[in-house]
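*Asks:* okay, here's the prediction I keep looking at, along with the sequence it came from:
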Amino acid sequence: MTHDDRAAPMCLARLARIGCDVAGLMLVVIAVLVNVEIVSRSLFDVSTLIADEYSGYFFAWLTLLGFGHALQEGAFLRVDAVITRFSPWWRGCADVVSACVGLVVAAVCTYAMTLLALSSFRYDTVSIQPSATPLWMIQVFMPVAFAFLTLLYAALVVSGIRRLTKRAPAP
């Protein structure tokens, strides 16, 4: 698939790009947190007590934020060794099938992450770190990110089916 073939509706594509930019900013925040921790321990023998914990949270978030952009750019792992031997129509079929699989996986992850965040909220679960961060505040981002990925996969399925119906194989 070319980049244009994968293009989601403009609003979704723009959100995926913004998510990628925010992920980049989170990477900078992680670097700052880690360096502040290193300096404070080295020079003052004091820990921030949150650098490790929040760096982990930000890393998980930036990964999730990057998924949409990776999908838009065709940067998710693909096995092209066999697919490239297919005719364009069969390659399109394989793309639709893989988008359907991605859609199902993303939808299941959305559901599971929603249950996780709701459970953490319901039971007032907090992290075991000194910050005792309420975990639902950290986890609520996960179902949102997976729901967005589900929308992107749905857009891929629809656009793939449209392309296939426009160029059906010759009998």
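*Replies:* Arrived safely. Just so it is clear, the model here is predicted, and its values are computed rather than measured.
*Asks:* C-terminal to the helix or strand of the chain with the lowest mean pLDDT, what's the next element?
*Replies:* Ranking every helix and strand in the chain by mean pLDDT, DSSP states H and E puts helix 3-6 at the bottom, with a mean of 50. Toward the C-terminal end, the helix or strand that comes next after helix 3-6 (DSSP states H and E) is helix 10-44.
*Asks:* output the helix or strand that that following helix is followed by in PDB with nothing but the alpha carbons.
*Replies:* Proceeding N to C from helix 10-44, the next assigned helix or strand is helix 51-72, under DSSP H and E. Taking C-alpha atoms only, helix 51-72 is exported to PDB below (Å, rounded to 0.1, in the frame of the first residue of the first chain):
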ATOM      1  CA  ALA A  51      11.500   9.900  38.000                       C
ATOM      2  CA  ASP A  52      11.500   6.100  37.400                       C
ATOM      3  CA  GLU A  53       7.800   5.700  37.900                       C
ATOM      4  CA  TYR A  54       6.700   8.600  35.700                       C
ATOM      5  CA  SER A  55       9.300   7.800  33.100                       C
ATOM      6  CA  GLY A  56       7.600   4.400  32.700                       C
ATOM      7  CA  TYR A  57       4.200   6.000  32.500                       C
ATOM      8  CA  PHE A  58       5.300   8.500  29.900                       C
ATOM      9  CA  PHE A  59       7.100   5.700  27.900                       C
ATOM     10  CA  ALA A  60       3.900   3.700  27.800                       C
ATOM     11  CA  TRP A  61       1.900   6.700  26.700                       C
ATOM     12  CA  LEU A  62       4.400   7.800  24.000                       C
ATOM     13  CA  THR A  63       4.300   4.300  22.600                       C
ATOM     14  CA  LEU A  64       0.500   4.300  22.400                       C
ATOM     15  CA  LEU A  65       0.600   7.800  20.900                       C
ATOM     16  CA  GLY A  66       3.000   6.700  18.200                       C
ATOM     17  CA  PHE A  67       0.800   3.700  17.100                       C
ATOM     18  CA  GLY A  68      -1.600   5.800  15.100                       C
ATOM     19  CA  HIS A  69       1.200   7.600  13.200                       C
ATOM     20  CA  ALA A  70       3.000   4.300  12.700                       C
ATOM     21  CA  LEU A  71      -0.100   2.800  11.200                       C
ATOM     22  CA  GLN A  72      -0.600   5.800   8.900                       C
END
